[in-house]
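# build me a structure from this.
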Amino acid sequence: MRLLRAGVDTAVIALWLGHEQVETTQVYLQADLDLKERAQARTTPVAAKPGRYRPSDKLLAFLEAL
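So this is what the prediction gives:
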């Protein structure tokens, strides 16, 4: 994860880890929530208010009832 955060290309990381395919390395990308949040922050429209989604109590009650 340190290499990824430092900007090292996933193909290089895959070679260092001995992965046969770069797709195998993609599993590690999904494990890092901090990296995901930073990527999402870069895609936020300029006019949008930054923040996290907070579901309503009604929505949570519905999901818990499933």
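# would you mark the buried spots in the lowest-mean-pLDDT helix or strand in the chain?
The helix or strand of the chain with the poorest confidence is helix 22-31; it has a mean of 77 (mean pLDDT, DSSP states H and E). Residues of helix 22-31 classed as buried: 25, 28 (neighbour count, 16 or more other C-beta atoms under 10 Å). The C-beta positions use only the backbone N, C-alpha and C, and glycine is treated the same way.
# tell me where the model's unsure across the protein.
Where the chain drops to pLDDT under 70, the residues are 29-31, 44, 48.
# now do the helices in it.
Using DSSP state H, the helices of the chain run over residues 2-5, 10-17, 22-31, 33-42, 57-64.
# closest to residue 51 out of these?
Nearest to residue 51, of all the helices of the chain, is helix 33-42, at 10.4 Å by C-beta to C-beta.
# from the chain's centroid, how far away is the closest one?
Counting by C-alpha atoms, centre = their mean, to the nearest Å, helix 33-42 is centred 6 Å from the centre of its parent chain.
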